[in-house]
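1. Prediction below, plus the sequence it came from.
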Amino acid sequence: MTGNPFALLNAAARGSLAAQRALAQMAIQKIVAEPLADPEAVVREGLVFARLAAAQGDVADEGRVISLLAFHAELLTGEERAVVLGEGMARYSRLADRGDELPGSQFEDMVAATEPAIVSAAVQFQELLKEGEAVA
Amino acid sequence: MIFGGLGARRLLDDAILQQLPGPIVGYGGGTFNMDGSVATPDTRDLSEGQQSAELPATETPPKGMFGRPLPMSSTQATRPIDQARKPTFDYEATQAALMPPRKGSKLVQTLADIAGVLGPALMAASGDGAGASAGIAALNARRQEASRRQWDTNRMLAEWKHQDWARQNAADLDASQPFTLGRSRYQYDPNSGETSMLQHEPADFEDYAAAMGYEPGSPQYVQAAQDYILRGNGPTAVGLDMSLDNHRTNNRATLENLRQQNRLRYQQQGIAGRVQVKSAPTYRDTHPLPQRGGGRSAASAPTATGPNGQKVMWNGSAWVPAT
């Protein structure tokens, strides 16, 4: 355990980016540090805070969400995995739309190398993300 | 067993084909009838030709553990019966399952691979190096665990598969040991399930009949074979017995004829003799018995010739001239 997550909840609930990042990072540290009976639960909880942080717009927070999604996909198979990877792909496509694409990791190359089920899930997530940004 | 391990069946096949005389069947080399005609055609030469045409020796990529083509799999591909019934142990597939894929060998990375790098890279690009390294560490730990488990599973499955294959192969090798039945040497082919005769040694009677110079199947050959089996009761012996009996019978008949002729001759001589005796006057004929005198009478007085030749008659007391 790398700290008390409850101590950070107040700040995170009031929108503190640092607290949300710390909670998401805490989930990642926990995965690394300890052998877990149910790592997926930790990943899901970490993803909640990572998504909150990413909603505030920082590229690093999007990267944290994608990292957690990638780890989540490692734990899943079949359709569930496709959905999780689809969200990651949709998030990267939003970054690419904004021009924050990483050099050497073109979104088009990703699409070409991806299974159709993941791409179709990504398209739906893209719509949802777009609607979410429009609300903001 | 001089054949062991991989390709034993193949070696055995070649050894038999090169060394052993007699009808050979099975092993893809065609089946032949006893008279030498082809029962099933030889598919082996054709398939081997194709094999060498597809994989020239100079360009054959090394296969297996010892850098040469595996004999089992090369013959395997050419024999439909093997494909249908006998899966061999696939060392290449096992190796591929056990060894991790080489870096860069996969042209297409999956999105999971990309995302696992991309997320930390985004964090690092935005200055969150600690978060990035933690994310990568989490992913790596998970993947190492998964790959180790995968490797263990693959290894266990490969061991099971190899045990199955080794047991079957040993059983096949045992079953394919040549065995002797009568005067022939047979071998069971586990692939085709048929038993073929490797070599036939002639029986003693066949040796005998062949030594007499007869063609198998000819009447003389059959008779010689029967002679060898039946010995003194064989056809030849019986024929000789019969001719000897005929000879003796003829001799007896001739002798009987001679004896009968003699008998007839003697008989005829006897008859002739008796005829001759009867026609000649006997002593009694010439000397009849004297009259027995009872009542003497003149007529019946004995007479005799006197000293002067006169006829005299006994009158009871003196000789008197007969009247």
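-> Now that the structure is in, tell me what you want to look at. Numbering: from 1, shown residues only, chains lettered A, B, ... in the order given.

2. okay, CA-based contacts and neighbour counts for the rest of this
-> Noted.

3. Which stretches in the stretch 151-300 of chain B count as strands?
-> B:179-181, B:184-188, B:195-200 (DSSP state E, counting those that start in this stretch).

4. And these: which comes nearest chain A?
-> Of all the strands of the stretch 151-300 of chain B, strand B:184-188 sits nearest to chain A, with 49.2 Å by Cα to the nearest Cα.

5. Dump the strands of the stretch 151-300 of chain B into JSON lines; add mean pLDDT and mean neighbour count as well.
-> Below are the strands of the stretch 151-300 of chain B laid out as JSON lines (pLDDT from 0 to 100; neighbours: other Cα atoms under 10 Å in any protein chain shown):
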{"stretch": "strand B:179-181", "mean pLDDT": "91", "mean neighbour count": "12"}
{"stretch": "strand B:184-188", "mean pLDDT": "91", "mean neighbour count": "18"}
{"stretch": "strand B:195-200", "mean pLDDT": "90", "mean neighbour count": "18"}
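
6. nearest to residue B:155, of those strands?
-> Of all these, strand B:184-188 sits nearest to residue B:155, with 33.9 Å by Cα to Cα.

7. Please name every helix or strand in contact with the closest one.
-> Packing partners of strand B:184-188 (3 or more Cα pairs under 8 Å, 6 or more residues apart in numbering or on different chains; DSSP states H and E): strand B:179-181, strand B:195-200.

8. Can you list the strands that that strand pairs with?
-> strand B:179-181 (antiparallel), strand B:195-200 (antiparallel) (DSSP bridges).

9. Which residues of chain A lie near chain B?
-> Contact residues, chain A versus chain B (Cα under 8 Å from any Cα of the partner chain): A:25, A:28-29, A:31-32, A:59-71, A:73-74, A:85, A:88-89, A:102, A:105, A:110, A:113-114.

10. out of those residues, which are inside helices?
-> Members of those lying in helices (criterion: DSSP state H): A:25, A:28-29, A:31-32, A:59-71, A:73-74, A:85, A:88-89, A:110.

11. For ChimeraX, write a command that selects the buried ones of those residues.
-> Buried subset of those, written as a ChimeraX selection, criterion 16 or more other Cα atoms under 10 Å in any protein chain shown:
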select /A:25,28,29,31,32,59,60,61,62,63,64,65,66,67,68,69,70,71,73,74,85,88,89,110
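
12. Got the confidence number for the most centrally placed residue in chain A?
-> Nearest to the geometric centre of chain A sits residue A:65, at 2.0 Å (Cα atoms, centre = their mean). For residue A:65, the model assigns a pLDDT of 91.

13. show me what contacts it?
-> Contacts for residue A:65 (Cα atoms under 8 Å, 6 or more residues apart in numbering or on different chains) come out as A:47, A:50-51, A:54, A:88, B:119.

14. Pass me the low-pLDDT residue ranges in chain A, would you?
-> A:1-2, A:34, A:103-105 (pLDDT under 70).

15. rerun at 80
-> Within chain A, the ranges that satisfy pLDDT under 80 run A:1-3, A:32-37, A:100-110, A:112-113, A:136.

16. Show me it divided up by domain.
-> If you go by automatic domain parsing, the domain ranges for chain A are A:1-75, A:79-136.

17. will you turn these into TSV that also has distance to residue B:182?
-> Output for the domains of chain A, formatted as TSV (distance: least, Cα to Cα, whole Å):
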stretch	distance to residue B:182
domain A:1-75	67
domain A:79-136	67
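
18. of all these, which lies closest to residue B:218?
-> Set against residue B:218 and scored by Cα to Cα, these come closest in domain A:79-136, at 78.9 Å.

19. Just the terminal-to-terminal distance for the closest one.
-> 30 Å (Cα to Cα, to the nearest Å).

20. I'd assumed residue A:57 was in contact with residue B:126.
-> No - the pair residue B:126 / residue A:57 is not scored as a contact, 11.9 Å apart, by Cα atoms under 8 Å.

21. More neighbours: those two, which one.
-> The neighbour count for residue B:126 versus residue A:57, taken as other Cα atoms under 10 Å in any protein chain shown, is higher for residue B:126 (15 against 12).

22. Near chain A, which residues of chain B are found?
-> By Cα under 8 Å from any Cα, the residues of chain B that approach chain A are B:108-128, B:131-132, B:134-139, B:141-143.

23. Are any of those residues buried, and if so which?
-> Buried members of the residues of chain B next to chain A, counted by 16+ other Cα under 10 Å: B:111-112, B:114-124, B:128, B:131-132, B:134-139, B:141-142.

24. Skipping adjacent residues, who's closest to the residue in the stretch 201-323 of chain B that chain A sits nearest to in space?
-> Across the stretch 201-323 of chain B, the shortest distance to chain A (Cα to the nearest Cα) belongs to residue B:201, at 67.1 Å. Computed as Cα to Cα, 6 or more residues apart in numbering or on different chains, the closest residue to residue B:201 that is not its neighbour in sequence is residue B:183, at 5.5 Å.

25. What does that neighbour show for phi and psi?
-> Backbone torsions of residue B:183, given as degrees, to the nearest 10, read phi -110, psi 20.

26. Who are the contact partners of it?
-> By Cα under 8 Å, 6+ apart, the residues touching residue B:183 are B:200-203.

27. rerun that using 10 Å as the cut-off
-> Under the criterion of Cα atoms under 10 Å, 6 or more residues apart in numbering or on different chains, the contact list for residue B:183 reads B:199-203.
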